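Visitor: the sequence and its predicted three-dimensional model are supplied below.
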Amino acid sequence: MSTEPVIEIDRLNLRYDDFHAVRDVSLHVRRGELYALLGTNGAGKTSTLETVEGHRNPTSGTVRVFGRSPRDRQAVRPRMGVMLQESGFSPDLTVRESVGLIGSLTRRADDVGRVLDVAGLTRKATTRVAQLSGGEKRRLDFATAIWGSPELIFLDEPTTGLDIQSRDGLWASVDRLRENGATIVLTTHYLEEAQQRADRIGLMHRGTLHREGTVAELTRTLPAVIRFTAPATAHALPLPGKIGDGAVLVETFSLQKDLHTLLSWADDHAVELRDLTAGPTRLDDVFRALDNQE
C-alpha cells in the first residue's frame, strides 16, 4: 500500500443554512487502502462523501482527489466509480443495457460481459430492471460502479439486501480490485464488515471526525471482556467483575494476564466456568460508546 494520498480533506466545513453538518473534518485516504467512514445517522458522513465525490461545494476547507478539486469533473470523474445506496435505473432497460449505458458515460473502456460476470449478473443479463430482486439491484449498482476498473471506488452500503453467498462474492470482487491497485472508500451499517476488511476507520459523530485509526487502535481504547457463568458455590472470584444471576462480566486492559489468573483459579478450586468467552472490544462497542465521549 502506498503512502501517497488519493483523497485529502483539510478542515472541511459544511453548513445548510443554520445547521452545521460537518465541522473541521480533516482526513486522508492512501492509495490502495480500504478506508471505512462510519457514523451514526446524521453524523455528517454522507455530506462529507458527497463533497469528495464532487456533488457539493464546501462551506470552507479544502478537498483534493488525485491532487485536484473534485469539482474538476473532467479530470477526476473518469478515475472514480460510485456505488450509491440506490441508483434509480430505468425499470424498462435490461441489466445488460443498464450497465452498457452507465458505462458509456464514464469515459472508461470495458466489456459488458466481463462486468456482469464480476458482479454475478451474467444469468440476469436480459432481465429487465423492474424484475430484479433488491439484492440483484445492489449487484447492478456494484456493476456500474466498477465499470472500467476505476482507481477510486466509493461503496455506500454495498451489501444491503444481499444473501451470504452474494456478499461473499461481492467482497471477493472487491479484493481483486484492490489487488489491481484500486482504493476503496466504504460506508456501511454492517460494522463486522468494516472490522474485518478496513485498513483504517474514521468514526464520525455529530459532524466531527471523532476518532480514526486501525481496528486495533480504535478497540484498545476500551477494555477487553471476559464473560462466564460460575456456580453459586464457587469461591470468591480472583478478579473484580459484574455479577448478575450467576453471569459474570470482567472488563480488563490486560486480557491475557487476567484470563490466565481466572483459569488458574478455576483449576485450583475445581470450578467449571460455563459459557466462557473472552476477547477484545469489538467495533460496535466503540460505536456505542460515542455518545458517552462528548
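Guide: Arrived safely, thanks for sending.
Visitor: can you show me the helices along the stretch 151-294 of the chain?
Guide: For the stretch 151-294 of the chain, helices defined by DSSP state H, counting those that start in this stretch occupy the ranges 164-179, 191-197, 215-219, 255-268, 283-288.
Visitor: among the ones you listed, which is nearest Ser26?
Guide: Ser26 lies closest to helix 215-219 among those, at 17.2 Å (C-beta to C-beta). Using the backbone N, CA and C atoms, a C-beta is placed for each residue, glycine as well.
Visitor: CA atoms only: put that closest one into CSV for me.
Guide: Below are the C-alpha coordinates for helix 215-219, written out as CSV (Å, rounded to 0.1, in the frame of the first residue of the first chain):
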residue,chain,number,x,y,z
VAL,A,215,-9.5,-1.6,14.2
ALA,A,216,-6.8,-2.4,16.9
GLU,A,217,-6.2,1.3,17.6
LEU,A,218,-9.9,2.0,18.0
THR,A,219,-10.8,-1.0,20.1
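Visitor: in stretch 35-44, what's buried?
Guide: Using 16 or more other C-beta atoms under 10 Å as the test for burial, stretch 35-44 gives Tyr35, Ala36, Leu37, Leu38, Gly39, Thr40, Ala43, Gly44.
Visitor: redo those residues as JSON lines? Include distance to Ser87, pLDDT and secondary structure.
Guide: JSON lines is the format used below for these (distance: C-beta to C-beta, whole Å; pLDDT from 0 to 100; DSSP: H, G, I helix; E, B strand; the rest coil):
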{"residue": "Tyr35", "distance to Ser87": "22", "pLDDT": "98", "secondary structure": "strand"}
{"residue": "Ala36", "distance to Ser87": "21", "pLDDT": "97", "secondary structure": "strand"}
{"residue": "Leu37", "distance to Ser87": "20", "pLDDT": "96", "secondary structure": "strand"}
{"residue": "Leu38", "distance to Ser87": "22", "pLDDT": "94", "secondary structure": "strand"}
{"residue": "Gly39", "distance to Ser87": "22", "pLDDT": "89", "secondary structure": "strand"}
{"residue": "Thr40", "distance to Ser87": "25", "pLDDT": "83", "secondary structure": "coil"}
{"residue": "Ala43", "distance to Ser87": "23", "pLDDT": "90", "secondary structure": "coil"}
{"residue": "Gly44", "distance to Ser87": "23", "pLDDT": "92", "secondary structure": "coil"}
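Visitor: which one, of the helices of the stretch 151-294 of the chain, ends up nearest to Ala236?
Guide: Among the helices of the stretch 151-294 of the chain, the nearest to Ala236 by C-beta to C-beta is helix 255-268 (9.4 Å).
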